[in-house]
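Asks: sequence and predicted structure below; questions after.
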Amino acid sequence: MFPKSRAGAAKLGTPLMIVSFLAMAGFLYWMSRYEAPEVDSDAMATVSDDGLNEVAFDDFVLETQGYMGVEITLRQVDVNSTIGDRLFWTMLPGDNPYLMHVSDEALADSVEVLGGLRVDITGTVVALSDSLLGVWMEANVLRSVGDSLQALYALDKGDYFHVLRFEMDDEGESGDEPGNESGESG
């Protein structure tokens, strides 16, 4: 009575199946040949006049774990917010926060790190684990549950920057001359 309405679809089933298998095989081949870009930390690091191993912050954010165990200096790092007096966040591209930990040596300089500052820091990248967060809780680095939750967020990244030394920019002092309080030049 009625002709089969799916007769045309049945004829295309086998060729479509073969095309989909070939497409999947091509995709898997392409994925197996793909390599992530490698970052050569030796090529990006420059030794400054004062002997510091300087790395541009833009190069640092590409592969933070590539600098693990190497003492480097980062210039012009923004302090976005602080966690107590020993931890602060800076931003990586894509609005990804990155944790910075101020060491005892840097804290002994009695310089207070506040949000909104720009600092030059020297230190090294260190692996971050949940056991280290427990040590920070016992040492009173993380003083509240909120502080520990913020630091727990950094576990996804897997590392943090351990600051050994830091210097703050003196933006307001660059145009001042001694003995000229009026601001006029003569």
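Replies: Perfect, I can see it now.
Asks: show me the contacts for the closest residue to Leu107 other than its chain neighbours.
Replies: The shortest distance from Leu107 to any non-neighbouring residue, by C-beta to C-beta, 6 or more residues apart in numbering, is to Arg86 (6.7 Å). Where you see a C-beta, it was placed from the backbone N, CA and C, and this is true even at glycine. Taking C-beta atoms under 8 Å, 6 or more residues apart in numbering as the criterion, Arg86 is in contact with 101-102, 107, 141.
Asks: ranking the residues you listed by neighbours, who comes first?
Replies: Each of the contacts of Arg86 was scored by neighbour count (other C-beta atoms under 10 Å); the top score is that of Val102, with 26 neighbours.
Asks: check the contact between it and Gly84; I expect there is one.
Replies: No. With contact defined as C-beta atoms under 8 Å, Val102 does not reach Gly84; the gap is 9.6 Å.
Asks: okay, Val135 and Leu128: tell me how far apart.
Replies: From Val135 across to Leu128, the span is 11 Å (C-beta to C-beta, to the nearest Å).
Asks: the two: who's more crowded?
Replies: For the pair Val135 and Leu128, the greater number of neighbours falls to Leu128 (20 against 11), based on other C-beta under 10 Å.
Asks: so what sits opposite the closest residue to the more buried one other than its chain neighbours in the bridge?
Replies: Taking C-beta to C-beta, 6+ apart, and ignoring the residues beside it in sequence, Leu128 has Tyr160 as its nearest neighbour in space, at 4.9 Å. Beta bridges link Tyr160 to Val126 when assigned by DSSP bridges.
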